[in-house]
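Colleague: Structure of the sequence below:
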Amino acid sequence: MNLNGLNHDLSFFRRLFDPLEKPPIMILNDRGEIVYLNSACENVFDSSYSEIEGKQLENLLAEKEIKGKFFPNSFRSDKTVESKLLTKEGEEKEITWEVVHTNPNNKGSLAVCFGREGATGESLEGYILDEYNEAKETAQKYKTLFEYAYDAILFSRFESGRIFEANPEAENLLGFKTEELLEKKLSDIFQTGEIPDLREKLEENRFYYREDQVLNKKDGSRIIASMSTTLIEYRGEKTILSLFHDMTERIELEKELRNRAKSLKESNEKLEEIIQIISHDLKEPLRSIGTYSDMLYTQNQEKLSGSELRKLENLKQNASRLKEMMDDVSNLTRITMKGTPAELEIPDLVRKIKGELAFNGSEFDIKIDSGFPGVQFDRFQLKVVLKNLISNAYKYNSEPKRVKIGYEKAEEDSKLTIFVRDNGKGIAEEYQETVFKMFEQLNPEENSEGMGAGLAFCKRIIRGHGGEISLESTVGEGSTFYITIPEGQN
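Modeller: Here you go, the predicted structure:
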């Protein structure tokens, strides 16, 4: 019988023949020991593979000295061998085997035996060839997936832990050759005492995953790997299917990132402290400049020329603007710090902001939607956001100045969206991203206060809480700013 491509190792034959329900298939090594049985052959022998693995075939047959029948001196042709099997009850069962040899001229030859119950009769060749070719195609696909898998794969017995299958990536990961791994137990590559715990978890759930499994390598070093284990039934026996992926570099990288984040946090804290000190120390001189310039302006209005008075007025305005800028820098450190969430009522907060803002006696109508849900947010930070939006709505609004503050919340959505809508000049589409950038002012000549940081602060605060801030605007009709607060904060 010509089975092309039968030059394979034992692991390939396992994958090849395990799916076949028939015929009975047995593989012998050149010492006459049974090294493989498929499930159909287990039925013929009335024993499981684990019961007779490694036993001499002649000890299971009525006749002795059978090695010469299965391994004749000449391998020039395949053999048909008749044998009588001894059952557990002591009865004899006639079995006919079609025997094909692998590596016939080399040491380590295997005898692949296809059996049928009964004496020699109709040839098995056509049937075996069809089954073999179909199984070979399936096995080749499986072999490709198994051998080229990115993860290390091990099959091991559930009770004994003995490894009976390993793919090439397992060699790369652990440093052992496949034949070395097949002589080991799963406990040999695990830490002491971990296998009983693994068995218990698999008995409960049939699947277990951990991201930081420590594995022992051949060279004595250890690696950290993710481990996915599944309890499966393989040829009637409980088997552990294990997949390992090296996580050592990733975990080391995560550790380095944590250290860098810690270092960055410490640097930021020092920087915030320096900014607060500088801001505090500069405010007093600025206050003096503002006070003395006021005194000079008041006491010398009649003595100074119009040009000199304008210069003095500019000095007062610049001192005031510089103070505002220092306040913004100081506020920057506060909004970058993690806030303390508190239950806040938006209408109460808006009324307080309106009382703090000076609207120069102008009529400014702020309408607030009823039924506003409470939010969990840092009071200072949310106040900064709303104060900036309301202040901008006043500055750039058209008469009569009106602002509406409302909310949107879909029943199926856990996010709350707060909006601030005005009837002002509006912002052209090409500038709608620019307004959220630090130090950007669309009309600096109309807004001498601050440094164009307000909306940048708003964006940083909202994103720092996992939310979003966006803008819709039409020139000449007004603008609407939307603040989306994520779940857990509303």
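Colleague: For the helix or strand harbouring G290, name the packing helices and strands.
Modeller: In the assignment (DSSP states H and E), G290 maps to helix 248-299. For helix 248-299, the packing partners by 3 or more C-beta pairs under 8 Å, 6 or more residues apart in numbering; DSSP states H and E come out as strand 222-234, helix 306-336. The C-beta positions use only the backbone N, C-alpha and C, and glycine is treated the same way.
Colleague: weakest of these in terms of mean pLDDT?
Modeller: Averaged per stretch, pLDDT over those is lowest on helix 306-336, reaching a mean of 75.
Colleague: Using TSV, please lay out the helices and strands packed on helix 248-299 together with distance to S279 and mean neighbour count.
Modeller: Shown next, in TSV, are the helices and strands packed on helix 248-299 (distance: least, C-beta to C-beta, whole Å; neighbours: other C-beta atoms under 10 Å):
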stretch	distance to S279	mean neighbour count
strand 222-234	47	17
helix 306-336	4	15
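Colleague: By neighbour count, which bits of stretch 263-280 are buried? Give me those.
Modeller: 272, 279 (16 or more other C-beta atoms under 10 Å).
Colleague: repeat for stretch 456-463
Modeller: Neighbour-count burial for stretch 456-463 [16+ other C-beta under 10 Å]: 456-462.
Colleague: Show only the entries of these found in helices.
Modeller: 456-462 (DSSP state H).
Colleague: Among the residues you listed, which one lies nearest to F364?
Modeller: Among these, C458 lies closest to F364 (C-beta to C-beta), at 20.0 Å.
Colleague: So for the residue nearest to L382 when sequence neighbours are not counted, what's the pLDDT?
Modeller: Using C-beta to C-beta, 6 or more residues apart in numbering and skipping residues adjacent in sequence, the residue nearest L382 is L344, 6.2 Å away. Note for L344: predicted pLDDT of 89.
Colleague: Tell me what L344 is bridged to.
Modeller: Beta bridges link L344 to V375 when assigned by DSSP bridges.
Colleague: contacting residues around A428?
Modeller: Counting by C-beta atoms under 8 Å, 6 or more residues apart in numbering, A428 makes contact with 473, 475.
Colleague: so what's the backbone phi/psi at it?
Modeller: Backbone torsions for A428, taken as degrees, to the nearest 10, come to phi -60, psi 150.
Colleague: if I look at it, how far off is L471?
Modeller: From A428 across to L471, the span is 11 Å (C-beta to C-beta, to the nearest Å).
Colleague: now swap in Y36 and tell me
Modeller: Taking C-beta to C-beta, one finds Y36 at 72 Å from L471.
Colleague: Show me which of those two is the more surrounded one.
Modeller: Neighbours per residue, other C-beta atoms under 10 Å: of Y36 and L471, the larger number sits with Y36, 21 against 16.
Colleague: That one - that's part of a strand, no?
Modeller: Yes. Counting by DSSP: H, G, I helix; E, B strand; the rest coil, Y36 is part of a strand.
Colleague: The residue nearest to it when sequence neighbours are not counted: helix or strand, and which one exactly?
Modeller: Closest residue in space to Y36, ignoring its immediate chain neighbours: I27 at 3.8 Å, by C-beta to C-beta, 6+ apart. Element membership for I27, per DSSP H and E: strand 25-28.
Colleague: Can you tell me which helices and strands that strand packs against?
Modeller: Applying 3+ C-beta pairs under 8 Å, 6+ apart, one finds that strand 25-28 contacts helix 10-17, strand 34-37, helix 39-45, strand 111-117.
Colleague: who wins for proximity to L241 among those?
Modeller: helix 10-17 (13.6 Å).
Colleague: My guess is the residue nearest to Y36 contacts S109. True?
Modeller: No. The criterion here is C-beta atoms under 8 Å, and I27 misses it with S109 at 10.8 Å.
Colleague: Compare neighbour counts for those two and give me the winner.
Modeller: Neighbour totals were compared for I27 and S109, and I27 leads with 20 against 15 (other C-beta under 10 Å).
Colleague: Tell me who's in contact with that one.
Modeller: For I27, the contact set (C-beta under 8 Å, 6+ apart) comprises 10, 13, 34-37, 110-113.
Colleague: still on that earlier bit, among the ones in helices among the buried residues of stretch 456-463, find me the one that's closest to L241.
Modeller: Within these, proximity to L241 (C-beta to C-beta) peaks at I462, which comes in at 47.3 Å.
Colleague: Secondary structure element for P196, which one?
Modeller: helix 194-205.
Colleague: Show me which residues of that helix are buried.
Modeller: Applying a neighbour-count criterion of 16+ other C-beta under 10 Å, one finds 195, 198-199, 201-202 buried in helix 194-205.
Colleague: nearest to Q432, of those residues?
Modeller: For these, the minimum distance to Q432 (C-beta to C-beta) is 54.4 Å, reached by K201.
Colleague: how about the closest one, what does it touch?
Modeller: Contacts of K201 by C-beta under 8 Å, 6+ apart are Y208.
Colleague: repeat that for 10 Å
Modeller: Residues near K201 by C-beta atoms under 10 Å, 6 or more residues apart in numbering: 207-210, 229, 231.
Colleague: Would you mind measuring from it to T229?
Modeller: 8 Å.
Colleague: give me the low-pLDDT residue ranges for the stretch 101-250 of the chain?
Modeller: Within the stretch 101-250 of the chain, the stretches falling below the threshold (pLDDT under 70) are 103-108, 118-140, 193.
Colleague: buried stuff in stretch 172-189?
Modeller: Across stretch 172-189, burial judged by 16+ other C-beta under 10 Å covers 173-176, 181-182, 184, 186-189.
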